[in-house]
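Colleague: Return a 3D structure for these sequence lines:
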Amino acid sequence: MPHPAHFICGNKCRFHLATYVGKYVVSTVGEYWPERGVRKIHAEIYDPKWHAANKHLLGDNYDYEYMKHFGFEEIGCDRKFETMVFEARKEKDKCCPWRIVVQKEADYAAYNSADDATIGHNKLCAKWSKKAVTK
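Modeller: Residues are numbered from 1 along each chain as shown. Modelled structure (predicted):
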């Protein structure tokens, strides 16, 4: 699918994979880049000296220095990427023909690199494609 399928701030993630497998959606998100206001608060709390030295920077200059110093934000405890698997059903939308039907994930994995997230996403797709065949 052309968009993140889970995570309330998924639209702020630069990395996302969403794959429909059998009757499941396997969704991976990461590289969370919140609005500048959120990043300024983060910098002020986690490195006040850095914040004081850089808060005057504008636009891309601030973003560049922030990325160099902090990188992408975690999307959860000790993880920058995650994959979740949810039951789904067919919808009439052509853009997004699958809708998650439960609020609790059926499976989960966490990662800290895009490579690991891609590999993990593909592994969970393979795992759940087998489950879809056996049900």
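
Colleague: For the rest of this, base every contact and every neighbour count on C-alpha atoms.
Modeller: Fine.

Colleague: Tell me where this structure has strands.
Modeller: 13-21, 24-32, 81-90, 98-100, 107-111 (DSSP state E).

Colleague: residues contacting the residue nearest to Y24 when sequence neighbours are not counted?
Modeller: Nearest residue to Y24, sequence neighbours excluded (CA to CA, 6 or more residues apart in numbering): E87, at 4.4 Å. Taking CA atoms under 8 Å, 6 or more residues apart in numbering, we find E87 in contact with 23-25, 100-102, 105-106.

Colleague: pLDDT value on E87, please?
Modeller: In this model, E87 is scored at 88, pLDDT.

Colleague: ok, it to Y32 distance?
Modeller: Per CA to CA, to the nearest Å, E87 is found 24 Å from Y32.

Colleague: Export only the CA atoms of stretch 121-135, formatted as PDB.
Modeller: The C-alpha coordinates for stretch 121-135 follow below in PDB (Å, rounded to 0.1, in the frame of the first residue of the first chain):
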ATOM      1  CA  HIS A 121       9.100  -7.000   7.200                       C
ATOM      2  CA  ASN A 122       9.800  -9.600   4.500                       C
ATOM      3  CA  LYS A 123      10.200 -12.300   7.200                       C
ATOM      4  CA  LEU A 124       6.800 -11.500   8.800                       C
ATOM      5  CA  CYS A 125       5.200 -11.400   5.300                       C
ATOM      6  CA  ALA A 126       6.500 -14.900   4.700                       C
ATOM      7  CA  LYS A 127       5.400 -16.200   8.100                       C
ATOM      8  CA  TRP A 128       1.900 -14.800   7.800                       C
ATOM      9  CA  SER A 129       1.500 -15.900   4.200                       C
ATOM     10  CA  LYS A 130       1.900 -19.500   5.500                       C
ATOM     11  CA  LYS A 131      -0.600 -18.900   8.200                       C
ATOM     12  CA  ALA A 132      -3.100 -17.500   5.700                       C
ATOM     13  CA  VAL A 133      -2.800 -20.600   3.600                       C
ATOM     14  CA  THR A 134      -3.400 -23.000   6.600                       C
ATOM     15  CA  LYS A 135      -6.500 -21.200   7.900                       C
END
